[in-house]
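# let me see the structure of the following:
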Amino acid sequence: MSVRRRLTTATGAVLLTLSVAGCSGLGRTMVGTLSYETEREVVVTVTSPSVNGCHRLIAPSGVARVENNTLVDIRLYPTLDCQGSYNIYLPMNTSYRVAPGALPWRSYSVIH
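Predicted coordinates for the structure are as follows:
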């Protein structure tokens, strides 16, 4: 086997291994579904959203209930930008309903 062919085979094997292993965090997702209910009782379900960044919950007046049926834990915020000290931890495979009179949730981030 020629040196060039060996090098090509080795390079291909390395690239295949990296792509299968998912070494880049850019494409990682929350495996499962995240469902939330607006104050008007409309249910929105998102399948396998990205684990990166802050995610807005698409509801004009915020979200009253969240069901985390993914394989990761999240943190819910009453702000649009995942900022502020008032937030709540929501483990995987659990749900949370906003207490009467409390602010609705407007964004979430994944806990790494």
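
# report the contact partners of the residue nearest the centre of the chain.
Averaging the C-alpha coordinates of the chain gives a centre point, and the residue nearest to it by Cα atoms, centre = their mean is Val51 (4.0 Å). Under the criterion of Cβ atoms under 8 Å, 6 or more residues apart in numbering, the contact partners of Val51 comprise Gly25, Arg28, Thr29, Met30, Val72, Val110, His112. (C-beta placed from N, C-alpha, C; glycine too.)

# next, count neighbours for the fourth one.
Residue crowding around Met30 was assessed by other Cβ atoms under 10 Å; the count is 23.

# leaving out chain neighbours, which residue sits closest to it?
Beyond its immediate neighbours in the sequence, the residue positioned closest to Met30 (Cβ to Cβ, 6 or more residues apart in numbering) is Thr70, lying 4.1 Å away.

# repeat that for Ser109.
Using Cβ to Cβ, 6+ apart, the closest residue to Ser109 is Cys82 (4.6 Å).

# that neighbour and Val110 touch, don't they?
No: using Cβ atoms under 8 Å as the test, Cys82 is too far from Val110 to be in contact (10.1 Å).

# now for the two: what residues contact both?
Common contact partners of Cys82 and Val110 (Cβ under 8 Å, 6+ apart): Arg75.

# show me the helices in this structure, by range?
Listed from the start of the chain, the chain has helices (DSSP state H) covering 3-21.

# low-confidence regions, it specifically.
Counting by pLDDT under 70, the ranges of the chain that qualify are 1-26.

# next one: the residue nearest to the centre of the chain from Ser85, what distance?
The gap separating Val51 from Ser85 is 23 Å, by Cβ to Cβ, to the nearest Å.

# again with Leu57
Relative to Ser85, Leu57 is positioned 19 Å away (Cβ to Cβ).
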